[in-house]
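Visitor: My questions concern the predicted model and sequence given below.
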Amino acid sequence: MTGRKALNIFWMMMLISFFVPAVAETEGKKNYVIGFSQCTTDDLWRRTMDKEMQNELIYFPSMKLIIRDAEASSEKQIQDIRELMLKGIDLLIVSPNESEPLTAVVSEVYQKGIPVILIDRNISSDYYTAFLGGNNLEIGQEAAKMAVEQLKHAGRIIEIKGLEGSSPALDRHKGFMDVISKHPGIEVISSLSGNWEKGTAREALYNALKTDRNIDLVFAHNDVMAIGAHEALTEAGIRDQVFIIGVDGVPGPEGGLQAVMDGKIDATLLYPTGGGNALSLANKILGREAFQKENLLNTLVINANNVKALKYQTDVIINLSERIAFAKKNLDQQIERYYSQRFWLIVALSSLLLIIFLASLLLRAYRNKLRANQILENQKKEITRQSDEMMLISRKLEEVTKAKLVFFTNISHEIRTPLTLIIGPLENMLSHSKLKVDERNQLQMMLKNANRLLRLINQLMDLRKVDNDKMQLQACEDDLVSFVEEIKQAFDELASNKKIEFVYTSDVSSVRVYFDKEKLDKILINLISNALKFTSQGGFVGIHVRKSHHYFGAERREAVEIEISDNGPGIPVKHQQRIFERFFQVDQKEGSVSPGTGIGLTLAKGLIDLHKGDITVSSKEGIGSSFFIYLQIGRDHLSDEEIKLQDAAFDNPTHEIIRKTDLAEDYADYSQTIANSGKFKFQDEKPLILIVEDNPDVSVFIQSSLSDHYNIMTAANGAEAFERMYVQEPSLIISDVLMPVMDGLEFTRKLKLDIRTCHIPVILLTARSSYDQKLEGLETGADSYIPKPFNTKHLQVRVRQLIENRQRIRKYYQQDPLFLARDEGKLSQLDSNFLKKCAAVIEVHLSENDYSVEQLSAEVGLSRVHVYRKIKHLTGLSVSEFVRNIKLKKATVLLVESGRTVAEVAYDLGFSSPSYFSKCFREQYNISPSEFISQQADNES
């Protein structure tokens, strides 16, 4: 076990030892969150309710209470309740500010499965779990009874009500009026709105006294408003003649009990807050214990007779509650101190164990270090030994590389000599005017390919010079605009022949730059040739010269930019970073024309680097490509050895070089191919051969070797070949393998898997000559695989054999249309299945004399043209002849085995008349049906 793993295990054990006790303590306990929405806390009675709830939490440690004050606003209370729901409360206690506005949101909470306790005030629906509060109707009635007793059944009363719309105010008013209405001697002269507030009640009563001071009793719906009434009556000077009744009886210096003691109000009715009872009820609901839905709290009349006793009791209770709260606070502090001490004890023990553990790790690490040092020492010795071996191998590789380079250079020079001896005599022979046309064409083909090989050797030599730093830059100052324009003009004829729009533009009339004319000439010729080569007819190639700024390394300098753009197929993004690599070629399937050797762009970049310049590419598939050459302005970037003081005459024959480029020769090949194609006229008696070859020279060479005996049709790739085949079906196909768009292997595979074309023989003719490559070609279904260079006699013999084999199969089938049942080896599986299917379909319709090619085509699933072509190619018969031969073969069986007459058999097989049947039978078997029956009878006897 490593030190890191051991340390991780140690810390995991420490965490487990720390958290397990805490988890054990809380296990089995369910914590609840109680939300309490209080309508207001402006009066003492509401604050007393809140305090009682908080004191009651001592007995319910698993509960957490969240209190929200609505500040006497129904809108705010609705918002508070929704916020409490979002906090995930387990139970809601609510004292509605108003009954009607709060009904909807309280019902929503209840319908979501959250228990709801209404305290003090009710709502206008039954969507709540329990109600807790005083009996406000009873309180109103008790207040009225006290008033009747005090007034001796006669007097004038002013009622000060609470908030309009609140259930306590409504119920207290109703209870009060129910009793008073039974005593006609007592009159309620006014019901004022005090909104539960002292100031509002005082002002309302004071204004009422301005019009009528003759009152005997004031009933205020709470003690706060009763004290306000006391102040208004005192200010009016009639306090002594008016009896004041309040409601609440809250203890405390500002409560109703103290007001009765002080004589500010004459009596009050106890209205318990129910704060403590609310949490007890919540505990029952959450604990799924039995509870009552309606929980009404009892009331009590408090006056001068019992106020002192009640005051004493409440003071004792308040004092006891405060002591309990203080004790709870101390207990919480002790528990907190205990957990803190336990935590630090665990930390201390853990630290001690950690020190011991780390000490053991240090000891272990020290021992490991000693062993590691020994291992490192051994590895160092081994690395030193391997390094010495690598250096030795490197020196040997360097020597081998140098030897290869020397050999490469020498062999390149040696190749030039025989090429010179080939090109010279060829040019001499072509200068004679007595050559035949075919002889001249073949000599021109030889000369062109010899020149192409020489150019390739020259490019390789230049590339080797660049790699070995043997190529010296000879730059002189000259006008770059006119130099580029001259090279552009040399390509005008080629662009015109290809019907390509070729445009040259410049932002400046002239700009003088130091450059090597010979090397820049090679660069531009290569890039322009590529642009014209990869741009199809009707396309666009442009050259643009402008001044710009460009980064050469890390330095941004003034430069001249040459842009060569086209709207050809573009370069795939994945290849754009590699196109300047040596010998790199884009996959042929991704291009529309054959790729080059992968040398030109590498050489161009090397020559640009000699100029201390830069070359980049920008391309989008399907849109085109742009190459950018950047040459620095000035001479600071060049050494004195790289600059020629005088501009020597540049006599390089640009037009002649361009005329001999691959592009020009390829276009000449294309034109020659078009011209030659007219020479090979189709003759109906000759088989048709399709040649699929992207190299015009090879295509023309194959045509010339086969045109005496065969009709010729050509295509440049597999895709084009399919288009030609569907127009006119060939007897045989000769295809190259490496081609753009669709190569020969894919073409052959697709052809052999298609029921419409699988019968056509295919010869693959390619430079891929290894054994594995030959197997790959044959596995695609090719009938023959001939490597290049090939012998024309060999090709002619192989073509003749394949076509003759097909003709023998046709002849055999004409004699016996059902021979497939006995010998399937002469055809491919697809062809055999096709003929079997056709024969089976025809046998079903033997009796139909009007059975047509269209019906047969529909049943075998091919078009009429393809059915006709395929049957004709496989059997040499038309479809009607094929159907007739199958019927005649069936007739030979029926005539012998069925016992029917010749006429009956003729009609059963769909012949129009017995005479026509006999005529066809004699043509097929050289004997009449009657003679056939007699002959078979003699043979049996």
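Guide: That came in fine, so what should we check first?

Visitor: Sketch out the low-pLDDT regions of the stretch 1-150 of the chain for me.
Guide: By pLDDT under 70, the low-scoring segments of the stretch 1-150 of the chain are 1-29.

Visitor: let's go with 80 and repeat that
Guide: Residues of the stretch 1-150 of the chain that meet the criterion pLDDT under 80 lie in 1-30, 43-44.

Visitor: so Gln38 touches Met49, yeah?
Guide: Yes - the criterion here is CB atoms under 8 Å, and Gln38 meets it with Met49 at 7.4 Å. Where C-beta positions appear, they are placed from N, C-alpha and C, glycine not excepted.

Visitor: so what's in contact with those two at the same time?
Guide: Counting by CB atoms under 8 Å, 6 or more residues apart in numbering, the contacts common to Gln38 and Met49 are Ser95.

Visitor: burial count for the closest residue to Val896 other than its chain neighbours?
Guide: Spatial nearest neighbour of Val896, chain neighbours left out: Gln936 (4.9 Å); criterion: CB to CB, 6 or more residues apart in numbering. As a burial measure, Gln936 scores 14 neighbours (other CB atoms under 10 Å).

Visitor: in which helix or strand would I find Gln936?
Guide: helix 929-940 (DSSP states H and E).

Visitor: and that helix, what's its mean pLDDT?
Guide: Helix 929-940 shows a mean pLDDT of 71.

Visitor: if we can go back for a sec, from Pro929, how far off is the residue nearest to Val896?
Guide: 11 Å (CB to CB, to the nearest Å).

Visitor: who touches both of the two?
Guide: Common neighbours of Gln936 and Pro929 (CB under 8 Å, 6+ apart) are Leu895.

Visitor: Just the buried residues of stretch 450-467, please?
Guide: Across stretch 450-467, burial judged by 16 or more other CB atoms under 10 Å covers 450-452, 454-457, 459-463, 466.

Visitor: starting at the chain centroid, how far to it?
Guide: 47 Å (CA atoms, centre = their mean, to the nearest Å).

Visitor: Look up phi and psi at Leu65.
Guide: Note on Leu65: its backbone torsions stand at phi -110, psi 130 [degrees, to the nearest 10].

Visitor: List the beta-bridge partners for it.
Guide: Ile34 (DSSP bridges).

Visitor: just to revisit the earlier point, quick check: the residue nearest to Val896 touching Leu894?
Guide: No - with contacts counted by CB under 8 Å, Gln936 stays clear of Leu894, the gap being 11.8 Å.

Visitor: gap between the spatially most distant residue from the centre of the chain and Gln241?
Guide: Outermost residue of the chain with respect to the C-alpha centroid, by CA atoms, centre = their mean, is Lys152; its distance is 91.2 Å. Going from Lys152 to Gln241 by CB to CB gives 15 Å.

Visitor: what's the answer for Ser857, then?
Guide: Counting by CB to CB, the separation of Ser857 from Gln241 is 124 Å.

Visitor: Show me which of those two is the more surrounded one.
Guide: When Ser857 and Gln241 are compared for neighbours, Ser857 comes out ahead with 17 against 12, by other CB under 10 Å.

Visitor: Go ahead and name everything in contact with stretch 241-248.
Guide: Residues beyond stretch 241-248 that count as contacts (CB under 8 Å, 6+ apart) turn out to be 45, 139, 143, 146-147, 150-151, 172, 215-227, 229-230, 233, 255-256, 259, 264-271.

Visitor: Buried subset of the residues you listed, written for ChimeraX?
Guide: Entered in ChimeraX, the line below selects the buried ones among the contacts of stretch 241-248, by 16+ other CB under 10 Å:
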select :45,139,143,146,147,150,151,172,215,216,217,218,219,220,221,222,223,224,225,226,227,229,230,233,255,256,259,264,265,266,267,268,269,270,271
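
Visitor: Please flag which of the contacts of stretch 241-248 sit within strands.
Guide: 217-220, 267-270 (DSSP state E).

Visitor: pLDDT-wise, what's the bottom of these?
Guide: If you rank the ones in strands among the contacts of stretch 241-248 by pLDDT, Leu270 sits at the bottom with 88.

Visitor: hmm, back to that, can you pull the contacts of the residue farthest from the centre of the chain?
Guide: Lys152 neighbours (CB under 8 Å, 6+ apart): none.

Visitor: How confident was the prediction at it?
Guide: For Lys152, pLDDT reads 90.

Visitor: And the one 3 residues further on, by the same measure?
Guide: Predicted confidence (pLDDT) at Gly155: the value is 92.

Visitor: so what's the spatially closest residue to it that is not a sequence neighbour up against?
Guide: Distances taken as CB to CB, 6+ apart place Asp216 nearest to Gly155, at 3.7 Å, with adjacent residues excluded. Taking CB under 8 Å, 6+ apart, we find Asp216 in contact with 151, 155-157, 241-243.

Visitor: cool, Val503 as well?
Guide: Per CB under 8 Å, 6+ apart, neighbours of Val503: 540-543.

Visitor: In terms of distance to Ser626, which of these ranks first?
Guide: Proximity of the contacts of Val503 to Ser626 (CB to CB) peaks at Gly542, which lies at 8.8 Å.

Visitor: Am I right that that closest one is in a strand?
Guide: Yes - counting by DSSP: H, G, I helix; E, B strand; the rest coil, Gly542 is located in a strand.

Visitor: mind checking how far the residue nearest to Gly155 is from Gln241?
Guide: For Asp216 relative to Gln241 (CB to CB), the value is 7 Å.

Visitor: circling back to that earlier point, I'd like the contacts of Asp216 written out as TSV, with secondary structure and distance to Ile760 added.
Guide: Converted to TSV, the contacts of Asp216 look like this (DSSP: H, G, I helix; E, B strand; the rest coil; distance: CB to CB, whole Å):
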residue	secondary structure	distance to Ile760
Leu151	helix	127
Gly155	strand	127
Arg156	strand	125
Ile157	strand	120
Gln241	helix	131
Val242	coil	125
Phe243	strand	125
